[in-house]
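Q: Here is my input; please provide its structure:
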Amino acid sequence: MDLHLVYRDTRLRLLELAPKLDSSHLATMTPACPAWSVKDILAHLTGLAADFEAGIERPGRAEHTARQVAERADWSVDQICKEWMSTGPALERRIEAESPRLRAPVIDVWTHEQDLTNAIGLQSGRTAPGLHVTLNVLWSMKQKLRDDGLTSLRVITEDVDWNIGDTELPGATVRATSYELARAVLGRRSIDQVRSYDWTGDPEPYAALLPWFSPPTTAIEEPATR
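A: Next comes the predicted model:
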């Protein structure tokens, strides 16, 4: 999978969508990122690309993302899009040169595409390749399971059947859609929502290990994929 093309395609979808959003859409706060509006997410995405271009190390850290949004607080959506049209191609070239190591911006842009479109009742790119790049973050559980001395977790979706861990026989199996698990692993589902998936075996040792980022304390509801 060409990660730079996945990033580009997601970026272009958002650049096509953003100018069509009215002021109420742009001001909508996003349940998945409760401190940010739709416009703030767009500001972060272009700010992240600009920071990569400026050579800032690990520009996805909290102090950088807050600055990215704050620096563009007074910008119009047209200004934000214009900057991203300029900075995006440079980041795509860097992703291509450093693939597969530099996959974080690819996961970030697809995840935020879902955050902002769900907040305003739209769907965009749900089954695009960014879904599968994000779903692969589930493999980060392997070290967590090892650290906790747990047997493997079997993950079954419409796309994959994975045995994540060091043991041939899993201690539990979870079944959900690829989209649901991709959202969960990026911290867009509560632990109670993760527990509500179709489990064989005890979910308790595994559910809290599934998210890579801290999950919300309350459920985030999004329309089913269609």
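
Q: Could I get the contacting residues of Val155?
A: Going by C-beta atoms under 8 Å, 6 or more residues apart in numbering, Val155 touches Leu138, Asp161, Trp162, Ile164, Thr173, Val174, Leu181. (Each C-beta comes from the backbone N, C-alpha and C, glycine too.)

Q: So what does the second one look like in phi/psi?
A: By that I understand Asp161. phi -140, psi 100 (degrees, to the nearest 10).

Q: Next: the first one.
A: Leu138 has phi and psi values of phi -60, psi -30 when expressed as degrees, to the nearest 10.

Q: contacting residues around the closest residue to it other than its chain neighbours?
A: Residue nearest to Leu138 in three dimensions, not counting chain neighbours: Val185, with 5.3 Å by C-beta to C-beta, 6 or more residues apart in numbering. Residues near Val185 by C-beta under 8 Å, 6+ apart: Thr134, Leu135, Val137, Leu138, Ser140, Leu210, Pro211, Trp212.

Q: Pop the domain breakdown of this structure in here.
A: Taking automatic domain parsing as the criterion, the chain consists of the domains 3-126, 131-207.

Q: Now tabulate the contacts of Val185 in TSV and tack on neighbour count, distance to Arg103 and secondary structure.
A: Formatted as TSV, the contacts of Val185 follow (neighbours: other C-beta atoms under 10 Å; distance: C-beta to C-beta, whole Å; DSSP: H, G, I helix; E, B strand; the rest coil):
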residue	neighbour count	distance to Arg103	secondary structure
Thr134	25	9	helix
Leu135	23	12	helix
Val137	21	9	helix
Leu138	22	14	helix
Ser140	14	12	helix
Leu210	25	19	coil
Pro211	22	18	coil
Trp212	17	13	coil
